[in-house]
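Asks: generate a structure from the sequence data that follows.
(chains A and B)
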Amino acid sequence: MAEIVLKTLAHTYSANPQSAKDYAIRHMEHVWHQGGAYALLGPSGCGKSTLLNIISGLLAPTEGDVLFDGQRVNELPPEERNIAQVFQFPVIYDTMTVFDNLAFPLRNMNTPEYRVKPKVLEVADILELTPLLSRKAKNLTADEKQKVSMGRGLVRDDVTAILFDEPLTVIDPQLKWKLRRKLKEIHERFNITMIYVTHDQLEASTFADKIAVMYEGQVVQFGTPRELFETPAHTFVGYFIGSPGMNFFELRYDQAQNTAYFGDQSLPLSNAYLATLKKAESDNLKLGIRPEFIEVHSSHEPDTIAVQKENLQDLGTYAILTFSLNQQTFKARLPEDHPDLGDTVYIRFPDDKLSLYVDEYRVEVDHE
Amino acid sequence: MNKVYNNRAWLLVLPMLVLVAFSAIVPLMTVVNYSVQDVLGANARFFTGTEWFETMLNDPALQAAFLRQIIFSLTILAIQVPLGIGIALIMPKRGWQASAVLILITLPLLIPWNVVGSIWQIFTRGDIGLMGWGLRQLGIDYNITRNAGDAWVTIILMDVWHWTPLVAMLCYSGLRSIPEAYYQAARIDRASKWAVFRYIQLPKLTNVLVIAVLLRFMHSFMIYAEPFVLTGGGPGSSTTFLSQSLTTMAVGQQDLGPSAAFSIIYFLVILLVSWVFYTAIMNMQKDKHSQGGA
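Replies: Numbering: from 1, shown residues only, chains lettered A, B, ... in the order given. Okay, the predicted model is just below:
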């Protein structure tokens, strides 16, 4: 069984990297535990696929180590790692039947035929490929093909981890959901580590127990979907997760007056925040709040700020209010039964729902 | 739905029809016209029916040429197809080396047929040709004007040199179009090099190979200038192929009727073989159990 550890891992495609920008993976540490269902989430070009290929052995990392159960596997080619990988576009062996496709990895390992057959039938049954076994793989639909390429990973008993590289890209939307559930089922049935690369937060959160969010070659947060939503560890996570993303605004902290300003507006922050701000060593200070957590009132209440309503978009089960404060646009998400709003609305940022970011990383504020 | 039936739309096909008529149908029908008549002079002609066809099919010289032609085409296909695949597999995949090799390989394709014949004619001469002279120095009695075996080997060698690049280039383009993920998946599936070739590369090459085989078959079946310049069909008639027989008959002897009949047979054979080959390959790719149901 395998626990996959990445130690000070870095990778660059350039021959003589000059700056951090030349690195696809920038010195990261990470541990994937045995049997977990993980998602690797991030925008295009953040290094997700590079990381996946390093784990499977298709790429050798420039720096750092990949450890399987404490053993360094940097130099091991993919065929010597107990790993299967499913690619974005289904890879099938055209001329073979579905049965032969599924049997292919086993036959390559010289498995005796009497053991190949039951294994292939078992996997075909799980993936609902049984009626197609005698068909040529070439004539299948995209989702069937993708199931065949998953199946080739599942037939091998030695596989301890399956890596998925955006496997549902070419699948029809209504089938995506089915296939994702199938994956979940397989994960529960076999004790296999699964790492699922995607840029779709919905896909990531429905599949994975824990999500690693990647940004500019680093994992900026590794947590449950709930943690990513409630306490984004990095401004990017806040912006990337959620719909719409988190609101951020720059803070200016005045040491002498012990007051925090947003533009010219002084903010009614609790002492806990002010104490943390006092200790911060950077001028790059930001506050973030989820659109869901902004309190919106139609009339003046204590500690509220009056703002101009710009737009109210009704999306059926909820509404998105757009308002501007200090020339910056904010979005607030209102429940379906929100009160009627005039042109001036009164908003409040609840203290405990705010997140403070110093140099883009979240700083824990001690609320006593 | 009110569908308007208007047969005047057929008029739109007319320009194409006229074009095809002048480029293909009229010339072909002229040949058909000659093939069923005996033309003695401007005003003296007789309808002969299938007589010329029967004569041609029963002519022992032509039967021999036909047999030689088939042996030649099959031989060069058996050499050029595997060789072309092999070359394509070892060609560099990227960088300046890839461009350099591509240019080098393409060079023979750019040389006119007659020039190829002349090059090899000089190359194989015993007195000044590098190959002819060299082989003699090695003690091999090599002479393409006297020895039929030598003539055959040389013609095949010449054709392989001239046309294998075409097969290699088609295969190279086919190989380049295989996505990297296939090779990656094969590594993860622990496929051997042979398995990668057999189950990934070869299947993806099927389409270009069909084109390569068809082109090479048609080309080689019509070969004329190269052997004509190199051996003149000799020694004796040992390297006289169909095209040369036809030319001798039509241009040399002015036997318009028989050569027209022969042309039609020649044309139909190429058409038939190509069609059978193509259909057979396409059928091979079909799913034998497509009624298996999804």
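Asks: can you give me the neighbour number for residue 251?
Replies: Using chain A here. 22 (other C-beta atoms under 10 Å in any protein chain shown). All C-beta spots, glycine's among them, are computed from the backbone N, C-alpha and C.
Asks: my question was about chain B
Replies: 10.
Asks: list phi and psi for it.
Replies: Residue B:251 adopts backbone torsions of phi -90, psi -40, taken as degrees, to the nearest 10.
Asks: so how far is residue B:209 from residue B:279?
Replies: According to C-beta to C-beta, to the nearest Å, residue B:279 stands 16 Å off from residue B:209.
Asks: oh, that last question was meant for residue A:345, not what I typed.
Replies: 70 Å.
Asks: kindly report the same for residue A:56.
Replies: From residue A:56 to residue B:209 the distance is 32 Å (C-beta to C-beta).
Asks: so who does the closest residue to residue A:335 other than its chain neighbours touch?
Replies: Taking C-beta to C-beta, 6 or more residues apart in numbering or on different chains, and ignoring the residues beside it in sequence, residue A:335 has residue A:318 as its nearest neighbour in space, at 6.2 Å. Counting by C-beta atoms under 8 Å, 6 or more residues apart in numbering or on different chains, residue A:318 touches A:333-336.
Asks: and if you look at residue A:338?
Replies: Contacts of residue A:338 by C-beta under 8 Å, 6+ apart are A:296, A:319.
Asks: what sits closest to residue 281 if chain neighbours are left out?
Replies: With no chain named, the answer covers chain A. Spatial nearest neighbour of residue A:281, excluding adjacent residues (C-beta to C-beta, 6+ apart): residue A:358 at 7.8 Å.
Asks: that's the wrong chain, I meant chain B
Replies: Spatial nearest neighbour of residue B:281, excluding adjacent residues (C-beta to C-beta, 6+ apart): residue B:210 at 5.3 Å.
Asks: ok but that neighbour is inside a helix, no?
Replies: Yes - per DSSP: H, G, I helix; E, B strand; the rest coil, residue B:210 lies within a helix segment.
Asks: so it touches residue B:274, yeah?
Replies: No - using C-beta atoms under 8 Å, residue B:210 is not in contact with residue B:274, being 10.3 Å away.
Asks: contact residues of the stretch 151-300 of chain A facing chain B?
Replies: Counting by C-beta under 8 Å from any C-beta of the partner chain, the stretch 151-300 of chain A comes close to chain B at A:152-153.
Asks: please enumerate the helices of the stretch 151-300 of chain A.
Replies: A:173-189, A:201-207, A:225-230, A:235-240, A:271-279 (DSSP state H, counting those that start in this stretch).
Asks: tell me the buried residues in the third one?
Replies: This points to helix A:225-230. A:225, A:228-229 (16 or more other C-beta atoms under 10 Å in any protein chain shown).
Asks: immediately after the helix or strand containing residue A:51, which helix or strand?
Replies: Assigned by DSSP states H and E, residue A:51 falls within helix A:48-56. Note on helix A:48-56: by DSSP H and E, the next helix or strand toward the C-terminus is strand A:63-68.
Asks: hmm, who's touching that next one?
Replies: A:2-11, A:27, A:54-55, A:72-74, A:81-82.
Asks: would you turn the buried residues of helix A:225-230 into a markdown table with pLDDT?
Replies: Output for the buried residues of helix A:225-230, formatted as a markdown table (pLDDT from 0 to 100):
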| residue | pLDDT |
| --- | --- |
| A:225 | 89 |
| A:228 | 88 |
| A:229 | 88 |
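Asks: wait, what's in contact with residue A:357?
Replies: With contact set as C-beta under 8 Å, 6+ apart, residue A:357 has these partners: A:234-235, A:248, A:285-288, A:363.
Asks: got a ChimeraX select line for the buried ones in these?
Replies: A single ChimeraX command selects the buried members of these (16+ other C-beta under 10 Å):
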select /A:234,235,248,285,286,287,288
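Asks: give the other helices and strands that the helix holding residue A:51 contacts.
Replies: strand A:4-12, strand A:23-32, strand A:37-41, strand A:83-86, strand A:161-165, strand A:193-198 (3 or more C-beta pairs under 8 Å, 6 or more residues apart in numbering or on different chains; DSSP states H and E).
Asks: need the winner for burial among these.
Replies: Stretch with highest mean neighbour count among the helices and strands packed on helix A:48-56: strand A:83-86 (a mean of 28; mean count of other C-beta atoms under 10 Å in any protein chain shown).
Asks: pLDDT on it, on average?
Replies: Mean pLDDT, computed over strand A:83-86, is 88.
Asks: point out where chain A drops to low pLDDT.
Replies: Across chain A, the ranges flagged by pLDDT under 70 are A:1, A:367-368.
Asks: buried residues in stretch A:230-243, which are they?
Replies: A:232-242.
Asks: from the residues you listed, which is closest to chain B?
Replies: Distances from chain B to those, taken as C-beta to the nearest C-beta, are shortest for residue A:240 (26.4 Å).
Asks: from residue A:234, how far out is the closest one?
Replies: 9 Å.
Asks: what do you get for residue B:225?
Replies: Distance of residue B:225 to residue A:234, computed by C-beta to C-beta: 73 Å.
Asks: just residue B:243 next, same as before
Replies: Taking C-beta to C-beta, one finds residue B:243 at 76 Å from residue A:234.
Asks: what about whichever residue of the stretch 1-150 of chain B sits closest to chain A, how many neighbours?
Replies: When distances are taken as C-beta to the nearest C-beta, the stretch 1-150 of chain B reaches nearest to chain A at residue B:95, 13.7 Å away. If you count neighbours by other C-beta under 10 Å, residue B:95 ends up with 8.
Asks: ditto for residue B:227
Replies: 26.
Asks: got a list of what the residue nearest to residue A:281 touches?
Replies: Counting by C-beta under 8 Å, 6+ apart, residue A:358 makes contact with A:280-282, A:284-285.
Asks: for it, list each beta-bridge partner.
Replies: Assessed by DSSP bridges, residue A:358 has beta-bridge partners residue A:285, residue A:361.
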